[in-house]
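Asker: Sequence plus predicted model, see below.
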Amino acid sequence: MAQLPIPRDEIRAPQIIYALYLAGIVTANITLLIGVVIAYVYRKDAAPWLQQHYRYLIRTFWIGTLYACIAFLLSIVIVGTLLWPLLAVWLGVRCVLGWVDVRKGLTPARPNSWLW
């Protein structure tokens with residue numbers, strides 16, 4: 001069975017949010033804030049499969065915030081400094097996997113996962 005083409009306008013917003021999240025790695029997370037606001041705005045009017053992506057993006061923001069707080073607290077005892085690069089890798093992997101899925105017209109593979 002042939003897959004229906006995905007309208008580019010429909011997937012533009014999630015792709016932009018994934019790009020903003022990836023840019024957050026080098027912009028001190030400012031673009032992450034912009035991305036999560038856009039995700040909250042667009043999620044209600046989206047198609048059901050895209051709502052899963054918005055949920056995944058919003059969860060990525062909040063889980064990442066929790067991980068960042070833990071890394072910050074552990075930085076006091078120097079252990080947390082090792083966690084910052086892992087947090088950047090975690091965010092990068094989550095965003096790339098989500099971006100690939102949205103381009104293919106699929107829902108995120110594991111939207112409720114705390115990893116990827």
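Answerer: Everything's here; your move.
Asker: which helix of the chain spans the most residues?
Answerer: helix 48-75 (DSSP state H).
Asker: Could you list the buried residues of that helix?
Answerer: 50-61, 63-64, 67-68, 71 (16 or more other Cβ atoms under 10 Å). From N, CA and C alone the C-beta is placed, and that goes for glycine too.
Asker: now swap in stretch 8-25 and tell me
Answerer: 11, 13-14, 17-18, 20-25.
Asker: can you check stretch 77-92 too?
Answerer: By 16+ other Cβ under 10 Å, the buried positions in stretch 77-92 come out as 80, 83, 87, 90-91.
Asker: Nearest the geometric middle of the chain, what residue?
Answerer: Geometric centre of the chain, nearest residue: residue 57, 3.9 Å, by Cα atoms, centre = their mean.
Asker: Check that one and give its pLDDT.
Answerer: For residue 57, the pLDDT comes out at 96.
Asker: How about the secondary structure of residue 113?
Answerer: Put simply, residue 113 is coil when judged by DSSP: H, G, I helix; E, B strand; the rest coil.
Asker: residues touching it, list them.
Answerer: By Cβ atoms under 8 Å, 6 or more residues apart in numbering, no residues touch residue 113.
Asker: Could you do residue 21 as well?
Answerer: 31-32, 35, 57, 60-61, 91, 95.
Asker: same deal with residue 50?
Answerer: 10-11, 14, 102.
Asker: Tell me where this protein is predicted with low confidence.
Answerer: In the predicted model of the chain, residues 1-6 satisfy pLDDT under 70.
Asker: tell me the SS of residue 26?
Answerer: Look at residue 26: counting by three-state DSSP, its state is coil.
Asker: With that, I have no additional questions.
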